[in-house]
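[1] Please work out how this folds:
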Amino acid sequence: MEFKLNKKIINPIIIQGFPGFGLVGSVATEYLIEFLKAEYVGRFCSEKLPPVAAVHNNSIVMPLGIYYSKKYNLLIVHGVSGVQGLEWEIAKTIIDLSVKTKAKEIIALESVGSQDSKSNTMYYFSNVKTSIKKFESLKLSNLKEGVIMGVTGTLMVESRMKPNFSAIFAETHTQLPDSMAASKVLEVLNNYLKLKMNLSKLKQAAQKFEDKLKGLISAQAQTFEQSDEKHLSYMG
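    Residues are numbered from 1 along each chain as shown. Predicted structure coming up:
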């Protein structure tokens with residue numbers, strides 16, 4: 001796997017979001033891209049990615065797109081397709097991207113499952129002392145116990161001695177898309193990076209992006225089912 005950038009970018013902060021538990025990362029980065037009017041500047045490329053082109057509003061939705069906000073010098077890695085089996089490759093490619101652009105920090109937007117439906121605790125993980133102080137000042141709890149899977153989990157392992165890495169976690173109580181958890185992650189990111197987002201519209205917008213992503217992922221799953229059926233008919 002490799003990344004392709006069509007613009008020279010130096011010292012950004014990289015924000016990544018993938019369709020993990022509750023689709024929190026994907027919904028949050030989708031909102032960021034629209035709010036910041038971030039431009040498409042590249043993508044992750046691999047023949048192992050699902051052979052599907054999703055179309056929304058007459059535009060191709062990249063399965064692993066890279067977007068850039070010049071105003072805040074943010075690179076946003078936005079995933080909308082299933083990445084099962086590619087987590088290590090994606091994590092290493094994100095680290096390669098951070099090295100190539102001399103990124104200041106990688107920030108993952110993520111969720112953790114909770115069995116307590118009344119709990120809404122926000123957590124952080126970071127290997128950066130200054131970031132830890134910021135998160136503590138924002139009243140986040142340090143993630144001391146838990147199992148984090150997917151791209152964020154692999155980045156946590158890979159970042160032990162490599163780039164500056166932080167993650168913001170919202171508790172979610174369902175495997176279904178959770179726009180409420182995504183909006184809470186964005187509220188923290190807004191304060192952490194001083195993005196001046198309009199928080200009054202955040203929950204409504206997150207719900208809209210949740211609906212969009214549900215549609216894209218559902219259509220993608222249906223396509224794979226049809227592809228499998230076709231393959232079986234050839235074999236039979």
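
[2] which regions of this protein lie under the pLDDT threshold?
    52-57, 82, 115-119, 161, 174-177, 202-203, 205-207, 209-236 (pLDDT under 70).

[3] cutoff 80 now
    20-22, 49-62, 81-83, 113-120, 146, 160-162, 173-179, 198-236 (pLDDT under 80).

[4] Mind jotting down where the helices sit in it?
    24-35, 87-101, 129-137, 150-158, 179-193, 202-235 (DSSP state H).

[5] angle of the second one against helix 150-158?
    An angle of 60 degrees separates the directions of helix 87-101 and helix 150-158 when computed by axes from the mean of the first three to the mean of the last three CA atoms, to 10 degrees.

[6] Then the third one?
    Between helix 129-137 and helix 150-158, the angle formed by their directions is 130 degrees, by the same axes, to 10 degrees.

[7] now swap in the first one and tell me
    What separates the directions of helix 24-35 and helix 150-158 is an angle of 100 degrees, with the same axes, to 10 degrees.

[8] packing partners for helix 24-35?
    When contacts are defined as 3 or more CB pairs under 8 Å, 6 or more residues apart in numbering; DSSP states H and E, helix 24-35 sits against strand 13-17, strand 74-79, strand 105-113, helix 179-193, helix 202-235. For the C-beta atoms, the positions are set from N, CA and C on the backbone; glycine is no exception.

[9] List the residues that contact the residue nearest the centre of the chain.
    Nearest to the mean C-alpha position of the chain, by CA atoms, centre = their mean, lies residue 17 at 0.2 Å. When contacts are counted by CB atoms under 8 Å, 6 or more residues apart in numbering, residue 17 touches 24-30, 32, 76-79, 108-110.

[10] which one among those residues gets closest to residue 188?
    residue 109 (9.0 Å; CB to CB).

[11] Thanks a lot, see you next time.
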